[in-house]
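A.B. asks: give me a 3D structure for the following:
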Amino acid sequence: MYALRQIPTAESRRAATLTPGIVVRALFALAALCFMTVQVLAENNGQRLRLRGDVTARGDILTLGDLVEGAPADLAQRALFRAPALGASGTIQARRIADAIAPLGLGEIETGGRAQVSVQRAARRVGPTEIEAAIKRVLETSYGLDPRNLAIRIDGENTVLLAPLDLDGQATALDVTYDPRLKRVAALITLGERQASLRVAGLVQEIREVQILTRTLNRGDTVSATDVTIERRPREATPPDAQAGSVVSIGQVAQRSLSAGSILRSGDVAPADMVQRGEAVTIVFDAPGLNLSLRGQANENGRLGAAITVTNPVSKKSLAATVIGPGRVSVSSPASLGRQASAAFDAAR
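C.D. replies: Okay, here's the model as predicted:
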């Protein structure tokens, strides 16, 4: 006789799947799958996940990719922490980073022995130079001032407008007010559509270029190109008769002792004398169709264009003359020169 086998029911089959052996095998398979998944996630192009050292944040948020090298591409933009304020810096403990990453199932992160990560928030810095330029543009267009002759001393030390890096346009001065009597100016410095702004105030100074001596000059010394430098100084801090930067002083002669670092003033230097007292000179009169000349003697020193007197050493007569070059003077009256020439000729006979 054949023994009848009971056909397993659905309940008996479900009970069979819950036997201890099957549960153990299922857990083992699940553990192996998790291990393989972690390995795949932890290795991106052959790189292990490493904690970065010093980090520069370019936005408000620090992502996984900002803090960890080799982060998977699909997780690199995951936000983890807020970045410091613009231009500020801070630190994040490595333990806090590990705790934030743990729920992502990336496994252990190599820290390289770091206990913390330094974070610097990148920012565009609009300093006094850009601020001054923005205000000058408005002073020129709205108040008719020449920006080349202006300097603006901003109140406070190290005044800087901090802005996100993507605000890379020109700084603009808005709400500008200027008091010509007090020489005070105030403005709102902005970037973009007022996405970053800073209120500033300062003193407007009128600037002029003056000549500054780089070495001490004694009376009679000739000024060379290396003896003078041009500097921009506030007008109120320079004497009214200061030599302007456009005045040519090179080749002129010091009229008195001058110390290094002093501002060159009118009268400090003058063109060199072309005629010396007692020097033999040529006295000339040039006109169309007429040229007269006579030797004479200078009675005084004279620079180019100076009016001096000269004497005919034979007749002992004096003539008023103008210095026209080294050892040369001219007279305005040909008759007087002719009489001197005749007298000299008669005396020579």
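A.B. asks: would you check that Q93 makes contact with Q116?
C.D. replies: Yes: here Q93 lies in contact with Q116, judged by CB atoms under 8 Å, at a distance of 5.1 Å. No exception for glycine: its C-beta is placed from N, CA and C like everyone else's.
A.B. asks: neighbour count: those two, which is higher?
C.D. replies: Q116 (15 against 12; other CB atoms under 10 Å).
A.B. asks: roughly how far apart are the more buried one and I250?
C.D. replies: From Q116 over to I250 the distance is 62 Å, taken as CB to CB, to the nearest Å.
A.B. asks: show me where this structure has helices.
C.D. replies: Secondary structure of the chain (DSSP state H): helices at 10-17, 20-42, 64-67, 94-101, 128-143, 334-348.
A.B. asks: elements contacting the lengthiest strand in the chain?
C.D. replies: Ranked by residue count and defined by DSSP state E, the top strand of the chain is strand 196-213. Here strand 196-213 touches helix 128-143, strand 150-154, strand 161-163, strand 184-191, strand 228-234, going by 3 or more CB pairs under 8 Å, 6 or more residues apart in numbering; DSSP states H and E.
A.B. asks: again, only this time at 6 Å
C.D. replies: strand 150-154, strand 184-191, strand 228-234 (3 or more CB pairs under 6 Å, 6 or more residues apart in numbering; DSSP states H and E).
A.B. asks: what's the closest of the ones you listed to L213?
C.D. replies: strand 228-234 (6.3 Å; CB to CB).
A.B. asks: between that closest one and strand 196-213, how many degrees?
C.D. replies: If you take axes from the mean of the first three to the mean of the last three CA atoms, to 10 degrees, strand 228-234 sits at 140 degrees to strand 196-213.
A.B. asks: direction included, what does strand 228-234 pair up with?
C.D. replies: Applying DSSP bridges, strand 228-234 is found paired with strand 196-213 (antiparallel).
A.B. asks: and the angle from the strand it pairs with to helix 128-143?
C.D. replies: Using the same axes, to 10 degrees: strand 196-213 against helix 128-143 is 90 degrees.
A.B. asks: gap between strand 196-213 and the chain center?
C.D. replies: Relative to the chain's own centre, strand 196-213 is displaced by 14 Å; criterion: CA atoms, centre = their mean, to the nearest Å.
A.B. asks: the chain should start at 296 in everything you say after this.
C.D. replies: In the new numbering, first residue 296, that becomes strand 491-508.
A.B. asks: just the CA atoms of it, as CSV, please.
C.D. replies: Provided in CSV are the C-alpha atoms of strand 491-508 (Å, rounded to 0.1, in the frame of the first residue of the first chain):
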residue,chain,number,x,y,z
ALA,A,491,25.3,94.5,-1.1
SER,A,492,25.5,98.0,0.2
LEU,A,493,27.5,100.1,2.7
ARG,A,494,27.0,103.7,3.8
VAL,A,495,30.1,105.8,3.9
ALA,A,496,31.1,109.4,4.6
GLY,A,497,34.4,111.3,4.2
LEU,A,498,36.3,114.5,3.5
VAL,A,499,36.9,115.7,0.0
GLN,A,500,40.4,117.1,-0.5
GLU,A,501,41.5,119.2,-3.5
ILE,A,502,44.8,117.8,-4.7
ARG,A,503,47.7,119.5,-6.7
GLU,A,504,50.9,118.1,-8.1
VAL,A,505,54.0,119.7,-6.6
GLN,A,506,57.8,119.2,-7.0
ILE,A,507,59.6,117.7,-4.1
LEU,A,508,63.4,117.8,-3.7
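A.B. asks: ok so, going back, which residues are contacting the longest strand of the chain?
C.D. replies: By CB atoms under 6 Å, 6 or more residues apart in numbering, the residues outside strand 491-508 that reach it are 426, 444, 446-450, 456, 458, 462, 478, 480-485, 523-530, 533, 537-538, 540, 553, 555, 557-559.
A.B. asks: filter those residues down to the buried ones.
C.D. replies: 426, 446-447, 449, 456, 458, 462, 480-482, 484-485, 523, 528, 533, 537-538, 540, 553, 558-559 (16 or more other CB atoms under 10 Å).
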